[in-house]
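Trainee: Okay, sequence plus prediction incoming.
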Protein chains: 2
Amino acid sequence: MKAVILTIGDELLIGQVVNTNATWLGEQLCAAGVDLVRSTALGDDDAAIKDELGRAWSTAELVIVTGGLGPTHDDITRQSVAEYVGVPLDFDEAVFEQVKTRFARRGRSLPESNRTQAMVPRGFEVLANPVGTAPGLWYVTRNGNRTVRLAVLPGVPYEMKYLFEHEVLPRLRGLDGLQVIAHRTLLTVGIGESHLQERIGDLSGILSRELKLAYLPGTSGVRLRMSAYGSIWEDVQKKLDDFETYLRERISRYIFGVNEDTLEGAVGQLLQERGLTIALAESCTGGYVLNRLTNAAGSSAYVLGGVVAYSNDVKINQLGVNPAVLETEGAVSEAVARQMAAGARERMKADIGVSTTGIAGPSGGTPDKPVGLVWVGYADATGDAAFRLQLAEERLLNKELSSTALLNIIRRRLLGLDRET
Amino acid sequence: MKAVILTIGDELLIGQVVNTNATWLGEQLCAAGVDLVRSTALGDDDAAIKDELGRAWSTAELVIVTGGLGPTHDDITRQSVAEYVGVPLDFDEAVFEQVKTRFARRGRSLPESNRTQAMVPRGFEVLANPVGTAPGLWYVTRNGNRTVRLAVLPGVPYEMKYLFEHEVLPRLRGLDGLQVIAHRTLLTVGIGESHLQERIGDLSGILSRELKLAYLPGTSGVRLRMSAYGSIWEDVQKKLDDFETYLRERISRYIFGVNEDTLEGAVGQLLQERGLTIALAESCTGGYVLNRLTNAAGSSAYVLGGVVAYSNDVKINQLGVNPAVLETEGAVSEAVARQMAAGARERMKADIGVSTTGIAGPSGGTPDKPVGLVWVGYADATGDAAFRLQLAEERLLNKELSSTALLNIIRRRLLGLDRET
């Protein structure tokens, strides 16, 4: 079953509101095995709404329209839909009573403008909305030899969600021809999109119309989204399982999690499982690694604390960095990164100490030490080491990339993996 | 000028990624006076892309396409656009050199698959992308008696934004027929939406079809977006200036900035102007306040550093908190917040020391000290104080709200404002 979503409202086009309704509906349709082919945001514009309804009618078996059902002058969806289908709007006494009751329950009188919310296109089914005033609408018709189903839902997210879950989804269940689609995302770090593709190798014998792979690069690594299609849930899951095994055999060292996992969560879990504690010494990342690690609930079990050492004095006094080394090597150096990591570990009595020191930018670079040069340090009972990174030119991006690189080094050390090649 | 946006990527349809690119572009186009009539998300599907390009061609004078320019097999936008326009893809040596240089600068070799990123549809202008590997594309053509402009941009948000601001917008400026719409947003903190509205008072004599005000509440405060419409840039700016003056007369103490300003940036600027340095002691915020303050370029001039003290040992050893007070009052207490702030100030030799200690959640609360209880401390040469907050039940929200409250306390102290009522 193919679907099209139309989200209606000027606020969506002028960037005032992020279109989370479209995202949420997309996720729900996907989970239900409906194939969403297009999601379009439109203004409160009669001609544009009718034009898109026409296109949807010729593309999809399910059309979901949200927004523009309120009582004010710019809410025109009800009228536009009725005119497109070619039916008049009838005043519905029962709906009006519900709206009145809802207002009365809150001790408020009903404004005259709310009468429009009780107008129903003839032949449409009313979807009762117990969480708001605008009811939804449902309409089933034929276009040639295809059945077209139309759901018209309010734009307020919790009202839309309620009606979709309680009224629309139940009407879809049990329909023939609903394909099962399932997704699973493997999260990688420490390797770029193209190198990942090289290591995975040729997939032309594996990928098909029923098994797809997408590379989704981001600043925390490349996500690999596997999608499987079929008619039976168990078969589709089996395809994903097999494909995941295949991929893990080739790139397991780069995979830190699945779906909604985070790298900081994965590192935290490794620390917790091994009963190890960590202390941090951050310079160029300015507290960002600490912030990421402490986002996980329960992180106080393994994060003892950290020092953000922007000034040299703080590096010396709070971390025990040698002033002579700071003088000769500079703050952004292998030696200082190692001393910071070792100092954090010793002073905070942690099993592991880690550090960052670099030039985040946008200024502060020299020919020898350009913006984006970062040293990250790692210290444990066996000794200390530091790794050189050359990152980007943008400050926030450098904080993001440095923190990800450091978290990945911790992960790899805890797992006993070599440094990535 | 009418515009259409096409955002391309399966991940947008299946609800895996919120389409923030569409929102951001909508806002930018609106600010530039371009009339966005439709924003459509599509999968990585050749036929669908060409179909939508055809519609866009017949609707709009500006077509913006984002996503699907990467090096992997599912990135088909470049190819689909070239085929739609009816031109071949040529290998562009100069673009390839830029991609190679970018890889080389990071000490990485260039995978073969990246060659596709140097393929350029014949007759298209290349928009150099210094912040990523995929360049953008620009093409101007005629459709009947209309000019159609096409921008093809990467889907990675910061790359897309960079190219839109630096390459697309400059090509639009000065074109005829652009209506003037201007927005300005006043950023407030420390006061809720309805109290703000009460203080501003009745605006019915001021607001009109040509002057609007929107309240946009968020976790860092309420943003007030003023919008003015007209035909002449100077007139529209004058309307905004006058309205801003009117609002500032009523709520100036809550306003910390305008448009893209940040609270951490405003605090940083105050510190810099006054030649003051700051040191932080964070417990429940776990480095988040340090991270926010150090996001500002040049923050090393006033942030000396900080200690993230999750464990009591770190509070005692790195900040000089009295173990007996920790024992009797508990870590989440007025006394400990004050000692942490004073300790950070003294140990790091800063003018100002601040602190947070609280129960971020989701667990760890007691009847006396529930989740969401946070003490924030402030110390300077005149002494120290602490303030009690009762925040939410959600961990990340508590980190956000605590850090905002602390930054606002610093701001108000530096400005000599009373504590908010």
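Mentor: That came through fine. Residues are numbered from 1 along each chain as shown, chains lettered A, B, ... in the order given.
Trainee: Show the model's pLDDT score for the most centrally placed residue in chain A.
Mentor: The residue lying closest to the centre of chain A (C-alpha atoms, centre = their mean) is A:Glu260, at 8.0 Å. pLDDT recorded at A:Glu260 is 87.
Trainee: And A:Thr20, by the same measure?
Mentor: 91.
Trainee: ditto for A:Asp418
Mentor: 62.
Trainee: how much space between the residue nearest to A:Asn129 when sequence neighbours are not counted and chain B?
Mentor: Nearest non-adjacent residue to A:Asn129, counting by C-beta to C-beta, 6 or more residues apart in numbering or on different chains: A:Pro135, 4.7 Å away. C-beta coordinates here come from the backbone N, C-alpha and C atoms, glycine included. With distances taken as C-beta to the nearest C-beta, to the nearest Å, A:Pro135 is found 25 Å from chain B.
Trainee: Then A:Ser194?
Mentor: In terms of C-beta to the nearest C-beta, A:Ser194 sits 3 Å off from chain B.
Trainee: isn't that residue right up against B:Pro71?
Mentor: Yes: the pair A:Ser194 / B:Pro71 is scored as a contact, 5.2 Å apart, by C-beta atoms under 8 Å.
Trainee: list the buried ones in the helix or strand bottoming out on mean pLDDT in chain A?
Mentor: When the helices and strands of chain A are scored by mean pLDDT, DSSP states H and E, helix A:93-105 comes last with a mean of 84. In terms of neighbour count (16 or more other C-beta atoms under 10 Å in any protein chain shown), helix A:93-105 has its buried residues at A:95-96, A:98-100, A:102.
Trainee: Pipe these into JSON lines and attach distance to B:Ile14 per row.
Mentor: Output for those, formatted as JSON lines (distance: C-beta to C-beta, whole Å):
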{"residue": "A:Val95", "distance to B:Ile14": "34"}
{"residue": "A:Phe96", "distance to B:Ile14": "39"}
{"residue": "A:Gln98", "distance to B:Ile14": "35"}
{"residue": "A:Val99", "distance to B:Ile14": "35"}
{"residue": "A:Lys100", "distance to B:Ile14": "40"}
{"residue": "A:Arg102", "distance to B:Ile14": "35"}
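Trainee: Which one of those is nearest to A:Pro362?
Mentor: A:Arg102 (54.5 Å; C-beta to C-beta).
Trainee: OK, contacts around the closest one?
Mentor: A:Thr133 (C-beta atoms under 8 Å, 6 or more residues apart in numbering or on different chains).
Trainee: Can you give me the separation between it and chain B?
Mentor: Distance from A:Arg102 to chain B, counting by C-beta to the nearest C-beta: 22 Å.
Trainee: Same question for A:His183.
Mentor: Taken as C-beta to the nearest C-beta, the span from A:His183 to chain B is 6 Å.
Trainee: and A:Gly365, how many neighbours?
Mentor: 16 (other C-beta atoms under 10 Å in any protein chain shown).
Trainee: what sits against it?
Mentor: Counted by C-beta under 8 Å, 6+ apart, A:Gly365 has contacts A:359, A:371-373.
Trainee: ok, 10 Å please
Mentor: Applying C-beta atoms under 10 Å, 6 or more residues apart in numbering or on different chains to A:Gly365 gives the contacts A:332, A:359, A:371-373, A:393.
Trainee: In which helix or strand does the closest residue to A:Gln179 other than its chain neighbours reside?
Mentor: Leaving aside its sequence neighbours, A:Gln179 sits nearest to A:Gly33 (C-beta to C-beta, 6+ apart; 5.0 Å). Under the criterion DSSP states H and E, no helix or strand holds A:Gly33.
Trainee: sorry, back to before: what touches both of A:Ser194 and B:Pro71?
Mentor: Both A:Ser194 and B:Pro71 are contacted by A:215, A:217, B:110-117, B:133, under the criterion C-beta under 10 Å, 6+ apart.
Trainee: Among the residues you listed, name the ones in helices.
Mentor: Nothing among those maps onto helices, per DSSP state H.
Trainee: Could you turn the buried ones of those residues into a ChimeraX selection?
Mentor: In ChimeraX syntax, the buried subset of those is picked out as below (16+ other C-beta under 10 Å):
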select /A:215,217 /B:110,111,113,114,116,117,133
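Trainee: Looking at the shared contacts of A:Ser194 and B:Pro71, which is nearest A:Asn408?
Mentor: A:Pro217 (15.3 Å).
Trainee: Touching, the closest one and B:Gly155? I think so.
Mentor: Yes: using C-beta atoms under 10 Å, A:Pro217 makes contact with B:Gly155 at a distance of 9.3 Å.
Trainee: Pull up the overlap in contacts between these two.
Mentor: Joint contacts of A:Pro217 and B:Gly155 (C-beta under 10 Å, 6+ apart) are B:Gly70.
Trainee: Quick check: which ranges of the stretch 51-200 of chain A have low pLDDT?
Mentor: A:106-108, A:174, A:176-177 (pLDDT under 70).
Trainee: ranges for the strands of it?
Mentor: A:62-66, A:89-91, A:119-121, A:125-127, A:136-143, A:146-153, A:180-188 (DSSP state E, counting those that start in this stretch).
Trainee: for the stretch 201-350 of chain A, same thing?
Mentor: A:211-218, A:221-230, A:255-258, A:278-282, A:303-309.
Trainee: Which positions in the first one come out as buried?
Mentor: Going back to what we said before, that points to strand A:211-218. For strand A:211-218, by 16+ other C-beta under 10 Å, it's A:211-217.
Trainee: Check the shortest one too.
Mentor: Using 16+ other C-beta under 10 Å as the burial criterion, the residues of strand A:255-258 that qualify are A:255-257.
Trainee: just those now: which is nearest chain B?
Mentor: A:Gly257 (14.9 Å; C-beta to the nearest C-beta).
Trainee: buried ones in stretch A:344-361?
Mentor: A:344-345, A:347-348, A:350-361.
Trainee: Is A:Leu401 in a helix, a strand, or coil?
Mentor: Following DSSP: H, G, I helix; E, B strand; the rest coil, we place A:Leu401 in the helix state.
Trainee: That one and B:Leu293, how far apart?
Mentor: From A:Leu401 across to B:Leu293, the span is 20 Å (C-beta to C-beta, to the nearest Å).
Trainee: For these two, work out which one has more neighbours and name it.
Mentor: B:Leu293 (29 against 19).
Trainee: Give the full set of residues in contact with that one.
Mentor: Counting by C-beta under 10 Å, 6+ apart, B:Leu293 makes contact with A:286-287, A:308, A:310, B:262-265, B:267-268, B:271, B:278, B:280, B:299, B:302-303, B:306, B:354, B:403, B:407, B:410.
Trainee: likewise A:Ile410?
Mentor: A:263-264, A:266-268, A:270-271, A:276, A:278, A:280, A:289, A:293, A:352, A:354, A:376, A:378.
Trainee: Can you classify it as helix, strand or coil?
Mentor: helix.
Trainee: confidence score at it?
Mentor: Confidence score, pLDDT, at A:Ile410: 97.
Trainee: on that earlier part again, which of the contacts of A:Ile410 fall in helices?
Mentor: Per DSSP H, helices hold the following members of the contacts of A:Ile410: A:263-264, A:266-268, A:270-271, A:289, A:293.
Trainee: Among those residues, which one sits closest to A:Ala337?
Mentor: Using C-beta to C-beta, the ones in helices among the contacts of A:Ile410 come closest to A:Ala337 at A:Val289, 13.3 Å.
Trainee: quick one, what contacts the nearest residue to the closest one once chain neighbours are set aside?
Mentor: Nearest non-adjacent residue to A:Val289, counting by C-beta to C-beta, 6+ apart: A:Ser403, 4.5 Å away. Contacts for A:Ser403 (C-beta under 10 Å, 6+ apart) come out as A:219-220, A:263-264, A:282, A:284-293, A:356, A:374, A:376, B:291.
Trainee: From those residues, list just the buried residues.
Mentor: A:220, A:263-264, A:282, A:284-293, A:356, A:374, A:376, B:291.
Trainee: With neighbour numbers in mind, choose between A:Ser194 and B:Pro71.
Mentor: A:Ser194 (26 against 23).
Trainee: OK, contacts around the more buried one?
Mentor: For A:Ser194, the contacting residues are A:215, A:217, A:222, B:70-72, B:103, B:108-117, B:133, by C-beta under 10 Å, 6+ apart.
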